[in-house]
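K.L.:
using only what follows, build the 3D model:
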Amino acid sequence: MTDLKRTPLYDLHREMGAKLVPFAGYEMPVQYPMGVMGEHQHTRSKAGLFDVSHMGQVILRGEGAAEALETLVPVDVVGLKPGRQRYAMFTNEGGGILDDFMVANRGDHLLLVVNAACKDADIAHLQKHLSGVEPVTDRALIALQGPQAEEALARLVSSVTDLKFMDFVSAEWNGAELWISRSGYTGEDGFEVSIPELRAEEFTRLLLEMDEVMPIGLGARDSLRLEAGLCLYGNDIGPEITPIEAGLNWAIPKVRRTGGDREGGFPGAARILDELANGASRKRVGLRPESRAPMRDGTPLFAHEADADPIGAVTSGGFGPSVGMPISMGYVPPQLATAGTQIWGEVRGKRLPVQITPMPFRPSTYRK
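P.N.:
Sure thing, here's the model as predicted:
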């Protein structure tokens, strides 16, 4: 584990009794003494604090930065107003997803937050095609999620109560500049806060001293995002999966679609626009196993119990603590993607029934 990187909060994780594991090249907390189930339920009922400093933060400067970024993504960056952020994805020439990320308009520049495992490749991709690319290397990033997240964070930064979902602001705290968005990846209301590295532990400790805030590891982060029906890069989306197959049509606005003012112009546009018009050959769906056995990623899926050939596979799966049952996501042909359809998953050599179900598995509670 000596080759692994550490976030600015590493010592704090050790102090709090975290179980540390390798993740995306970092030594990260997978759980704390409360355990994954307790951490999950605490985030749903109060406020959970996540260290996401392993993720990449990248500034994009220069006149025309939004137009330039649109040559790499199928989303509307030009129309993103100052103080707002948006979900986006880099696509490749085949229409697949190189990474999904958040982009914020900060007035005189854009800020991207990209996935940890992809950040080096993302930065190289940006630098190859665009100018004004500045990786941020001196800041930590935390996420505070849950119904009491606003109450907790407002004790330190009172202005966060004014933010709506996907708002992005800079705020001053004891001489440190914080970059705060009202967003997250749990299906809960909450915030992501970028903090100067040298002040990160101080700020995080103040939050953890609050009764409603507990530290949360990667285990509960995964079960929370799964209940919210959110994709995990490398499992549910990747270079061989298009945004349309993944059910991310909503992220591609009319202005970038066929007939729009800025139609296409991004890698893989021909395939993606064709799939928008005519449909894709597979679709990401929610899955509810009818047994108590979770169907985890890699589980083959079959249209009928006795079929020899699979029709798809589970890409994420586990037990959903908030819904009290196993839940999964995976890809099936579009004709089988209707809610209520029964298919079969093979677990340890045994075929078990699983039902196509709507997502999210649990309603999200974003502050609109």
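
K.L.:
residue contacts, the residue nearest to Phe90 when sequence neighbours are not counted?
P.N.:
Nearest non-adjacent residue to Phe90, counting by CB to CB, 6 or more residues apart in numbering: Leu98, 4.0 Å away. No exception for glycine: its C-beta is placed from N, CA and C like everyone else's. Residues counted as contacts of Leu98 (CB atoms under 8 Å, 6 or more residues apart in numbering) are 89-92, 118, 121-122, 125, 239.

K.L.:
so which strand or helix has the residue lying farthest from the centre of the chain?
P.N.:
The outermost residue of the chain, judged against the average C-alpha position, is Ala306 (36.1 Å), by CA atoms, centre = their mean. Of the helices and strands defined by DSSP states H and E, none includes Ala306.

K.L.:
excluding chain neighbours, what is closest to it?
P.N.:
Arg351 (8.0 Å).

K.L.:
contacts for whatever helix or strand the one you found lives in?
P.N.:
Arg351 belongs to strand 350-357 when assigned by DSSP H and E. Applying CB under 8 Å, 6+ apart, the contact partners of strand 350-357 are 285-291, 293, 295, 301-302, 305-306, 328, 332, 336-346.

K.L.:
rerun that using 10 Å as the cut-off
P.N.:
The contact list for strand 350-357, computed with CB atoms under 10 Å, 6 or more residues apart in numbering, reads 229, 283, 285-293, 295, 299-302, 304-307, 314, 317, 326-330, 332, 336-347.

K.L.:
drop anything exposed from those residues.
P.N.:
229, 283, 285-289, 295, 299-302, 314, 317, 326-330, 332, 336-337, 343-347 (16 or more other CB atoms under 10 Å).

K.L.:
quick one: which of those sit in strands?
P.N.:
283, 285-289, 300-302, 314, 317, 326-330, 332, 343-347 (DSSP state E).

K.L.:
identify the bridge partners of the closest residue in space to Leu72 that isn't next to it in sequence.
P.N.:
With sequence-adjacent residues excluded and distances taken as CB to CB, 6+ apart, Leu72 is closest to Phe90, at 5.6 Å. Phe90 has these beta-bridge partners by DSSP bridges: Asp99.

K.L.:
just the helices in the protein please.
P.N.:
10-15, 36-45, 65-69, 119-129, 149-154, 200-208, 218-227, 269-278 (DSSP state H).

K.L.:
Asn105: which of the ones you listed is closest?
P.N.:
Closest to Asn105 of the helices of the chain, according to CB to CB: helix 65-69, at 7.5 Å.

K.L.:
remind me what the closest one packs against, helices and strands.
P.N.:
Here helix 65-69 touches strand 56-61, strand 97-105, strand 109-114, helix 119-129, going by 3 or more CB pairs under 10 Å, 6 or more residues apart in numbering; DSSP states H and E.

K.L.:
look up how far Arg61 lies from Leu156.
P.N.:
Counting by CB to CB, to the nearest Å, the gap from Leu156 to Arg61 is 29 Å.

K.L.:
I misspoke; the intended subject was Thr43.
P.N.:
Thr43 is 35 Å from Arg61, by CB to CB.

K.L.:
Leu141 too?
P.N.:
The spacing between Leu141 and Arg61, counted by CB to CB, is 20 Å.

K.L.:
which one's more surrounded, the two?
P.N.:
Leu141 (23 against 14; other CB atoms under 10 Å).

K.L.:
give the bridge partners for the more buried one, please.
P.N.:
Per DSSP bridges, the residues bridged to Leu141 are Ser194.

K.L.:
equivalent analysis for Val21, please.
P.N.:
As for beta bridges, Val21 partners with Met28 under DSSP bridges.

K.L.:
which ones are touching it?
P.N.:
1, 4, 27-31, 217-219.

K.L.:
cool, Gly107 as well?
P.N.:
Counted by CB under 10 Å, 6+ apart, Gly107 has contacts 82-83, 170.

K.L.:
make CSV out of those residues and add distance to Gly259 and pLDDT.
P.N.:
Shown next, in CSV, are these (distance: CB to CB, whole Å; pLDDT from 0 to 100):
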residue, distance to Gly259, pLDDT
Pro82, 28, 98
Gly83, 30, 98
Ser170, 37, 98
